[in-house]
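Undergrad: the following block contains a protein sequence and its predicted model.
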Amino acid sequence: MLLHHAGPRSGLSRLAERDEDFGTPYWAYDWGGGLALARHILDNPEIVVGRRVLDLGAGSGIVAIAAMRAGAEEAIAADTDPYAIAAIDLNASANGVAIVPFRGDPTAAPPPAVDLVLVGDLFYDRSLAERVTIFLEQCLASNIEVLIGDPWRAFLPRTRLQLLADYPGPDFGDINRFEQRKNAVFSFGPVRRNGRQPLSF
Ligand SMILES: C[S@@+](CC[C@H](N)C(=O)[O-])C[C@H]1O[C@@H](n2cnc3c(N)ncnc32)[C@H](O)[C@@H]1O
């Protein structure tokens, strides 16, 4: 898959200097969770074939693009950052797929009309993780399946997760791709009855 990324000659710092609302360009990098989830979808297309999916916190759009390449009926890519929405548009074009962009925070509303929610690397901050977990619970209650890709970050809701696959690979910012992390894909479900962490690492 071809993605437009930040690099020494990408001109990102010039763009940032011109816009005081520029923020943190998460959309300009690969993240371990998104890489794992995209790989998992491309290797197991039946997960998305003919289904409507929401890529929550889409960043570059890597997960939504993988879903469309694998045969999803529709992929909504949601991100609060306007630059992410622009990047998703470019990356979708580069990969020959159409993505439905949504600029905003889906967790602030009831779950949308989709079959599957895909979450790539969104558990890096405590309050965001809590908010996302509540939203994902609402998705489950609406019979929407949820898959998460994550390199075991601190605020992952581990008692809700079933490990589906491991994809050793680089984490965020490791442009040289030297360090191999345990990037994983999980399904999100009800809290396990014994309340214990189901997985160790
Ligand atoms: C760590 S990046 C992951 C990007 C992508 N999923 C991946 O794995 O490469 C997190 C992204 O989520 C976006 N984000 C954070 N909170 C959000 C929210 N409440 N609603 C939508 N997007 C959000 C950020 O702007 C950022 O682009």
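TA: Received the coordinates, thanks.

Undergrad: ranges for the helices of this protein?
TA: With DSSP state H, the ranges of helices along the chain come out as 12-18, 32-43, 62-69, 82-94, 126-141.

Undergrad: let's have those helices in TSV, adding distance to residue 151, mean pLDDT and mean neighbour count.
TA: In this view, the C-beta of every residue, glycine as well, is placed from N, C-alpha and C. Below are these laid out as TSV (distance: least, C-beta to C-beta, whole Å; pLDDT from 0 to 100; neighbours: other C-beta atoms under 10 Å):
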stretch	distance to residue 151	mean pLDDT	mean neighbour count
helix 12-18	23	75	11
helix 32-43	4	96	25
helix 62-69	14	98	28
helix 82-94	20	94	19
helix 126-141	14	98	16
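
Undergrad: of those, which is nearest residue 168?
TA: Nearest to residue 168, of all the helices of the chain, is helix 32-43, at 9.1 Å by C-beta to C-beta.

Undergrad: now for that closest one, which elements pack on it?
TA: Counting contacts by 3 or more C-beta pairs under 8 Å, 6 or more residues apart in numbering; DSSP states H and E, helix 32-43 is packed against helix 62-69, strand 116-120, strand 145-150, strand 161-169, strand 181-188.

Undergrad: about what we covered before: next, format the helices of the chain as a markdown table and append distance to residue 154.
TA: As requested, the helices of the chain are exported to a markdown table (distance: least, C-beta to C-beta, whole Å):
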| stretch | distance to residue 154 |
| --- | --- |
| helix 12-18 | 27 |
| helix 32-43 | 13 |
| helix 62-69 | 21 |
| helix 82-94 | 23 |
| helix 126-141 | 8 |
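
Undergrad: ok, which of those helices comes nearest the ligand?
TA: Closest approach to the ligand among the helices of the chain (C-beta to the nearest ligand atom): helix 32-43, 2.0 Å.

Undergrad: outside of the closest one itself, list whatever touches it.
TA: With C-beta atoms under 8 Å, 6 or more residues apart in numbering as the test, helix 32-43 has contacts from 1, 47-48, 59-60, 62-63, 65-67, 69-70, 118-123, 147-151, 153, 164-167, 169-172, 181, 183-185.

Undergrad: appreciated, that's everything.
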